[in-house]
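# for reference, the sequence and a predicted model appear below.
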Amino acid sequence: MQSSGRRLCSSAVLALGAVAGMAATSGQALAQDCKLSVHASPCVLYTGQSAAVDVLAHFPSSMYAFASAQFDVDATLPMWSFAASDVIAGPSVQGMSVSQSHAPQRGVYANPANLYRVWRGAFTPLTDEPALVEITADPSAISVYPSRLTSSSVPGVVTVGSDLVFVNPPPRNRSDGT
C-alpha cells in the first residue's frame, strides 16, 4: 500500500511540474501568435445592403482558450449601422472590452474554440460612390488561459487584422460588348 501512495505522490509532483513548465514558457509562445482578425461578409456591397463584420480571436494551439481583449474597430469610411457593444464614433467603434469566464475549481470552463468570435457589427454604405473600405481591429491588449486547469490568464502580444469591403463597384466594361 505504501508503494502505491508513493506512485500517486510522484504522479502529482510530475503533473504540477508540467503545469509550472507551461506557465514558464507561455509568454514566449504568445509574443507572435495572438491575433484579432476581421471578417466581413459579404465583401461586395451596394447602397442599401449591409455586411456582418466579425472580430475573431486567434491564439497559440499550446494555450487552452481566449480570456479577454480590449480593442477598437476602425473603418476608412464612417458607415457603421450597428455595433454589438460600445460607441460608434465616426469611422470607429471604440472601447470594446470582452472576456469569458474560466473557473475550473467551480466547474466553469471557457470555450476553447480557436477562432473565438469576440465582437459583431453591421457595416452599411452611406454613399452611392464606389469605395474600397478597410476595416481593422485595433487591439490594445489580449490574454489567454494557458491551461484547462488554471483560472489565471496570461497576457499576449496581439497583431492587427483587417478585411476589405468593396462598396458600389463600378460596372465592368468588357471589350467584347457583353
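Everything's here; your move.
# how many neighbours does Gln100 have?
For Gln100, the neighbour count with other Cβ atoms under 10 Å is 17. The C-beta positions use only the backbone N, C-alpha and C, and glycine is treated the same way.
# oops, could you answer that again for Ala84 instead?
16.
# got the contact list for it?
119-121 (Cβ atoms under 8 Å, 6 or more residues apart in numbering).
# swap in 6 Å and give it another go.
Ala84 sits next to 119-120 when contact means Cβ atoms under 6 Å, 6 or more residues apart in numbering.
# how close does it get to Val157?
25 Å (Cβ to Cβ, to the nearest Å).
# tell me where the chain has strands.
34-41, 44-45, 51-58, 65-75, 80-83, 87-89, 92-99, 116-123, 131-145, 154-156, 158-167 (DSSP state E).
# and the contacts of the shortest one?
Outside of strand 44-45, the residues within contact range by Cβ under 6 Å, 6+ apart are 51, 125, 166-167.
# again, only this time at 8 Å
With Cβ under 8 Å, 6+ apart as the contact definition, strand 44-45 has outside contacts at 51, 123-125, 165-169.
# which strands border it, and is each parallel or antiparallel?
strand 158-167 (parallel) (DSSP bridges).
# the partner strand: which residues count as buried?
Residues of strand 158-167 classed as buried: 158, 161-163, 165, 167 (neighbour count, 16 or more other Cβ atoms under 10 Å).
# same deal with stretch 123-132?
The neighbour-count check on stretch 123-132 (16+ other Cβ under 10 Å) flags 123, 125, 131 as buried.
# so for stretch 116-125, mean pLDDT?
Mean per-residue pLDDT for stretch 116-125: 92.
# ok, Pro130 - contacts?
So Pro130 contacts 166-170 (Cβ under 8 Å, 6+ apart).
# so what pLDDT did the most centrally placed residue in the chain get?
In the chain, the centroid-proximal residue (Cα atoms, centre = their mean) is Ala57; its distance is 1.9 Å. The model reports Ala57 with a pLDDT of 96.
# good, wrapping up.
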